[in-house]
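Chemist: make a model of this:
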Amino acid sequence: MLSKLASAHHKPDGLTVITPEAAPAFLDTLPVAKIFGVGDVTAARLKDLGITTGKALKQLSLERLQELFGKRGTVLYHFVRGEDDRPVEPERERKSVGKETTFERDLADRQEMLVVLEHLAEQVESRLVELEMAGKTITLKLRWHDFQLVTRSLSVASPIQDAQTMMRSLHPLLDHLLMEHKPVRLLGVTLSHLVSSQELHKLEHLETPSLWDLASE
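Modeler: Here you go, the predicted structure:
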């Protein structure tokens, strides 16, 4: 990330650009909710711990962040220090976020499959948090032991981002497919019909009645 930040000055288009030298001080004063990779749920949990700025977040060790947030804790540890070695990708509209895994042995136990799906959903959640996006359609991908591939999707009224909410949709989708009573070779989870956090906030504002509306009822 430091390599992607330039000198702290204002450009003609109104954007403020930060140099690698100025980045640490800038990140120290940044509210945690504004740090890339911190979503609403993570920000709320950090606030409960009394952590509201980048400087306070830096005081948490890598081990403590991993204990609190799993793999996402590693991402936060590096981002708050201005470290981001991901390749720069050309900006394009992202249509979905998904994760899948192929098993060394076919699975037949439903509980084992749910554990795998929860792990995949957590990976999807982490990526959505990084992208600051949520989605309205969740898709379960499944490949049977005979390599036949099937997918089942479910759309929800409000965009979702967290793994726990995804699992509420994945449970019935999996149960429907397992009526086939066949071993499973691959499982995948995808969230599509994505909206940005800005769009999500707009939707929440439109759906939340104002005090005037409540007083008029």
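Chemist: domain-wise, how is this structure divided?
Modeler: Domains of the chain are assigned by automatic domain parsing as 2-79, 96-202.
Chemist: pick out the shakiest of those domains, pLDDT-wise.
Modeler: Out of those, domain 2-79 stands lowest, with a mean of 73 (criterion: mean pLDDT).
Chemist: keeping just the C-alphas, turn the lengthiest helix in the chain into CSV.
Modeler: For the chain, the helix with the greatest residue count under DSSP state H is helix 110-131. Extracted in CSV, the C-alpha atoms of helix 110-131 (Å, rounded to 0.1, in the frame of the first residue of the first chain):
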residue,chain,number,x,y,z
ARG,A,110,-23.9,-33.6,5.9
GLN,A,111,-22.2,-32.2,9.0
GLU,A,112,-18.8,-32.4,7.4
MET,A,113,-20.2,-30.5,4.3
LEU,A,114,-21.6,-27.8,6.6
VAL,A,115,-18.2,-27.2,8.2
VAL,A,116,-16.7,-26.9,4.7
LEU,A,117,-19.4,-24.5,3.6
GLU,A,118,-19.0,-22.3,6.7
HIS,A,119,-15.2,-22.1,6.0
LEU,A,120,-15.9,-21.1,2.4
ALA,A,121,-18.5,-18.6,3.5
GLU,A,122,-16.0,-17.0,5.9
GLN,A,123,-13.5,-16.7,3.0
VAL,A,124,-16.2,-15.0,0.8
GLU,A,125,-17.0,-12.7,3.7
SER,A,126,-13.4,-11.7,4.1
ARG,A,127,-13.1,-10.9,0.4
LEU,A,128,-16.4,-8.9,0.4
VAL,A,129,-15.1,-6.9,3.4
GLU,A,130,-11.9,-6.1,1.5
LEU,A,131,-13.9,-5.0,-1.5
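Chemist: got the buried residues for it?
Modeler: Residues of helix 110-131 classed as buried by neighbour count (16 or more other C-beta atoms under 10 Å): 113-114, 116-118, 120-131. C-beta coordinates here come from the backbone N, C-alpha and C atoms, glycine included.
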